[in-house]
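# one predicted model, sequence on top.
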Amino acid sequence: SSTTDFHEHDFYEISLILEGNLHFLLEDASLSGEGSFLLLTPPKAPHRVVRDALAKYERINIHFPKDLIENYVADSERLLSVFGINGKILELSNEQKERLLAMVKDIFAQKDLFRQRLLLLLYLAEIESFCCQLPLAQMTPPYIREALQFLHKNYMKKITAEQIASHVGVGRTTFMTAFK
């Protein structure tokens, strides 16, 4: 087997495990299995991954500081709660894995930092819907969801806050307040 020592970070970490035979250890939880997983670790949360060295293993990590989300989302604590106090481990269906993989590819392909951050927010909202077993529509206000989807579909175009607000039918101030 191949292991990492228990370790922690000063940032949030999202590990999208595309495949592998793994054993995850958090301070208050563990999970063993084969397949696709999402490992969510908040800052200062000890965690360890043990993997079968003979099995194929593929993952994609996203790291970000807490203030990145706090600067763009009025209710950042709710969105960041998907990480839990000591981290979370989620088994993913193939459909969930493919959806998250497509979103991660869009995040990494985006060269504009503001748009990259907005795509990260959409990614976190999608993860929130998995954690709470609720559709995305019940987790965020409709105009925010519509704005994020509009940005996701048009991320290669130059779009202003005024255009997004107009597209979703709210004022620019209302839209900007939702993203701080």
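Arrived safely, thanks for sending. Residues are numbered from 1 along each chain as shown.

# is it true that residue 86 lies in a strand?
No. Read with DSSP: H, G, I helix; E, B strand; the rest coil, residue 86 is coil and lies in no strand.

# list the contacts for the residue nearest to it when sequence neighbours are not counted?
Leaving aside its chain neighbours, residue 86 sits nearest to residue 27 (4.2 Å; criterion: C-beta to C-beta, 6 or more residues apart in numbering). Quick note: C-beta positions are derived from backbone N, CA and C, even for glycine. Shown in contact with residue 27 (C-beta atoms under 8 Å, 6 or more residues apart in numbering): 45-47, 86-87.

# what helix or strand is the residue sitting furthest away from the middle of the chain located in?
In the chain, counting by C-alpha atoms, centre = their mean, residue 54 sits farthest out from the average C-alpha position, at 28.6 Å. Assigned by DSSP states H and E, residue 54 belongs to neither a helix nor a strand.

# for it, give me its contacts.
Residue 54 neighbours (C-beta under 8 Å, 6+ apart): none.

# in the chain, which helix or strand is least confident?
Ranked by mean pLDDT, DSSP states H and E, the weakest helix or strand in the chain is helix 136-139, scoring a mean of 41.
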